[in-house]
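Enquirer: Pasting a predicted model and its sequence here:
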Amino acid sequence: MRTEITSDRFDRSCVEIDLAALRHNYSEIRKVTSPEAEIMAVVKADAYGHGSVQCARTLIECGASYLCVATIGEAIELRQADITAPILILGYTDPLSFGDVVRYDIDQAVYDFEAAKVLSDEAVKQNKTCRIHIKLDTGMGRLGFIADGSSTEEIKKICALPGLDHFGVFSHFAVADTDDDSYTMKQFVSFMSELDELAKCGITFKKRHICNSAGIMRFPGMHLDMVRAGIILYGLIPPGCPAPRHEINLIPVMSWYAKVIHMKTVPVGTSVSYGRHFIAERPTKVLTVSIGYADGLSRRFSNGFELMIAGRRAPIIGNVCMDMCMIDATDIDEYVGVRSLITVFGRHRSVDDLADYLGTINYEITCIIGKRVPRIYTDDVIE
């Protein structure tokens, strides 16, 4: 039986994270992942807003063998929470922080000899070995050695540095979540060709990984030794992604709630919120809701976007404020009042509705929910 969040469980607003749904999604991903490929769980950006520490613990319990983050701060947070699983920093770390990379036993992405030399010196200084993953640019144009053979010698020099273990090599797909399969194939061919050139020089890697969430679902032949499961862990499909190669049943992990904190009926001609962009044209039942743009509810939702209350949709009227917004409940016949539960998105309303309204992607919405919004973890049985 699934628990329903009630407004007495939080002060202003809360995000519910269903760990049973997270476990279910991991199991679904494991079913469609090559048996030879380990799963690296992406918990960067506070696990896409879901809470990195709790999600990391749950995913490790499920069988994830690796975690990956974006920053040294995110990695240290996990280590200080007594998480001992391997952690990869996917991108840039200031060489001034390499002492912490080595000290906390963090794997580091490497795509520059000078930085690698600083990391090597730090590992030798601490009398430790630091695992690195060589980053190849196969067509993203962001970070990495261009995978055209021009950087093979530099990569060889990095792999010969003392104190470094060239454990992994990886790249990023740019359009695996679109129907441009030819570009994805071109990226994969470039990746494998560069690995062949390095192998001719005696340079091999224990873990090769290139598949993101879309790659996992759509290109099973590219899973290699490891895949990086990101947004699909949290039950969301990359927007516009073509159908997966094999059926995968994902359940959204996050729901977002607020509550009514004030209610009144205002007469015709009354303005609501800053700027007076809403003027009542009829007697209007106005509900003030305990959520605003400082919580992550974009001001662009002003004057039109609908929140859920009593199973019905009620439009936001006037501008979204920093800490509050107002909705029009005039046409809702069911009883609503102070402490009534408001659903922003959740089990009965997709986060994609918010993303579509703003013209963005679903996981930008989950990532921008503010830190002052508490995460409430539930662990219900999936029916």
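Expert: Okay, I see it.

Enquirer: Which residue ranges make up each domain of this protein?
Expert: 33-234, 254-378 (automatic domain parsing).

Enquirer: Is it possible to get CSV of the ones you listed that adds distance to residue 23 and mean pLDDT?
Expert: Yep, even glycine has a C-beta here, placed from its N, CA and C like the rest. As requested, the domains of the chain are arranged in CSV below (distance: least, C-beta to C-beta, whole Å; pLDDT from 0 to 100):
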stretch, distance to residue 23, mean pLDDT
domain 33-234, 6, 97
domain 254-378, 12, 96
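
Enquirer: And the helices in this protein, which stretches?
Expert: 19-32, 44-48, 52-62, 72-80, 98-103, 113-125, 152-159, 181-200, 213-218, 351-358, 362-367 (DSSP state H).

Enquirer: Of those helices, which stretch is the most buried?
Expert: Using mean count of other C-beta atoms under 10 Å, the stretch among the helices of the chain with the largest mean neighbour count is helix 213-218, at a mean of 25.

Enquirer: Packing partners of it?
Expert: helix 19-32, strand 226-229 (3 or more C-beta pairs under 8 Å, 6 or more residues apart in numbering; DSSP states H and E).

Enquirer: and the angle for the longest one with helix 52-62?
Expert: Which is helix 19-32. Interaxial angle, helix 19-32 versus helix 52-62 (axes from the mean of the first three to the mean of the last three C-alpha atoms, to 10 degrees): 50 degrees.

Enquirer: State the pLDDT value of residue 240.
Expert: pLDDT, residue 240: 87.

Enquirer: actually residue 23, sorry about that
Expert: So residue 23 comes in at 98 (pLDDT).

Enquirer: Quick check, central residue of the chain?
Expert: residue 48 (2.8 Å; C-alpha atoms, centre = their mean).

Enquirer: In this structure it contacts residue 230, no?
Expert: Yes. Using C-beta atoms under 8 Å, residue 48 is in contact with residue 230, at 7.4 Å.

Enquirer: intersection of neighbour lists for the two?
Expert: Counting by C-beta atoms under 8 Å, 6 or more residues apart in numbering, the common neighbours of residue 48 and residue 230 are residue 42.

Enquirer: residues contacting residue 113?
Expert: Residue 113 touches 154, 157-158, counting by C-beta under 8 Å, 6+ apart.

Enquirer: Residue 163 contacts residue 120, doesn't it?
Expert: Yes. The pair residue 163 / residue 120 is scored as a contact, 4.8 Å apart, by C-beta under 8 Å.
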